[in-house]
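# sequence unknown, structure follows:
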């Protein structure tokens, strides 16, 4: 199998090829490194790039397999890590100047789990929106990450570097974090599957949080739904070192899910408003696929969503509290868009913050009730295709995370599945949302949609000779 063919394999396919001995970890890791060497500078993919360490780990993985000691389901598979997730002995900066020389002494829990499963996690720390606090990954310190589907457009954020690597065939999964859509947004913009599991299912220990652990998640991106399911199986589990971790396991995966009789909740308000016409058309066509397979659409009017903008604005005070000592000492170390957002948040009154938390409870309950009334909620992941790259100080569209952030608010599982391309060749994603701890059932429905849509995650740059 040549390097181009290796790079286009799914996570499941490369796992099976490694297990059968058809390919070695050194081969697939070299293929990833060759691609990274070709594209990393132009696309600004990495903050820290460590190919020599990855190659050494791949050779060690092959040696372990040769002696009959494979570690687990990801043995020998190269996976990229976002630069706000700690890898012991590898510089982890959170895409910032503030933490430019930060060198973690220990792995994040998720990295330890990936290593225990045999994954090669040392290819590099991928570029991101500064402090993981934006939707474009246009970083003032490490350069703007470019979208492999169209170089002039953003890949989404804040896990833009990981998404761009994966779309380019560098690694077979990308680890990201999702505070307001930072896994699902780049998944939608880059034609990938991105998962934000139920809050508390995957440990947050060992991340540099962007603002608030109550909203944050660590989640994977892969080329298909089966890949994120495998990643979730590896990553899930209670962690006493994480106060947000839940001791409740995910409900068991269903053997099969039939679309016949399935109830698809389509919110009549908020999520389907002010959409780009092409996004709306593609998402409605995807729902038509589900209906043709036997599903029933249930229109829903979800209460209290008009409160969401105020809740989101007030929650910025959490970021101010986290960053205040650094921002006070070195304001010039922050890019303009992040600095001004954080500085403005210090003026949120305690009374307004308290009111926002009360309003949050109303929205959380309304969304949870809506999800419980059906088998899955569906809506566009994002209201627009990937916009053009602009200077960092321009920030991103204020509506970009409108459809993703509500589910960080209450921790419901959500996944973005690519469903088609605009006339300009930009990917569009449909977001599926399940009830708490029903992650595997949600993913089974997502897999059914994936099979009906038949999206090819290969960007044009990889289809060229």
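Received the coordinates, thanks. Predicted model only: the values in this text are computed from it and were never measured.

# hang on, residue 432 is in a strand, isn't it?
Yes: in this structure, residue 432 lies within a strand as judged by DSSP: H, G, I helix; E, B strand; the rest coil.

# For residue 419, see how far away it is.
11 Å (CB to CB, to the nearest Å). (C-beta placed from N, C-alpha, C; glycine too.)

# same thing with residue 140?
Residue 140 is 33 Å from residue 419, by CB to CB.

# which SS class is residue 226?
Per three-state DSSP, residue 226 ends up helix.

# How many neighbouring residues does residue 66 have?
11 (other CB atoms under 10 Å).

# Check what pLDDT it gets.
pLDDT, residue 66: 94.

# again, but for residue 35
98.

# Grab the longest helix from this protein for me.
If you go by DSSP state H, the chain has its longest helix at helix 350-372.

# Next secondary structure after the least confident helix or strand in the chain by mean pLDDT?
Across the helices and strands of the chain, mean pLDDT, DSSP states H and E gives its lowest value to helix 308-314, namely a mean of 87. The helix or strand immediately downstream of helix 308-314 is helix 316-329, counting by DSSP states H and E.

# remind me which residues of the stretch 101-250 of the chain are low pLDDT?
209-213 (pLDDT under 70).

# The closest residue to residue 107 other than its chain neighbours and residue 318, how far apart?
Nearest residue to residue 107 in three dimensions, chain neighbours excluded: residue 88, at 4.8 Å (CB to CB, 6 or more residues apart in numbering). For residue 88, the distance to residue 318 equals 28 Å [CB to CB].

# In terms of neighbours, single out the busier of these two.
Remark: of residue 88 and residue 318, residue 318 carries more neighbours, 19 against 16, as counted by other CB under 10 Å.

# Just the pLDDT for that one.
Here the pLDDT value assigned to residue 318 is 89.

# Make 663 the first number, not 1, from now on.
New numbering, starting at 663: the last item is residue 980.

# I figured residue 860 hits residue 1073, correct?
Yes: at 6.0 Å, residue 860 and residue 1073 qualify as touching, with contact defined as CB atoms under 8 Å.

# can you list residues touching both of those two?
Among the neighbours of residue 860, those also in contact with residue 1073 (CB atoms under 8 Å, 6 or more residues apart in numbering) are residue 1098.

# For residue 948, which non-adjacent residue is closest in space?
Per CB to CB, 6+ apart, closest to residue 948 is residue 1081, 4.2 Å.

# and the one you found, what helix or strand is that in?
strand 1076-1083.

# List the pairing partners of that strand within its sheet, with orientation.
strand 855-858 (antiparallel), strand 1089-1095 (antiparallel) (DSSP bridges).

# nearest to residue 730, of these?
strand 855-858 (32.5 Å; CB to CB).
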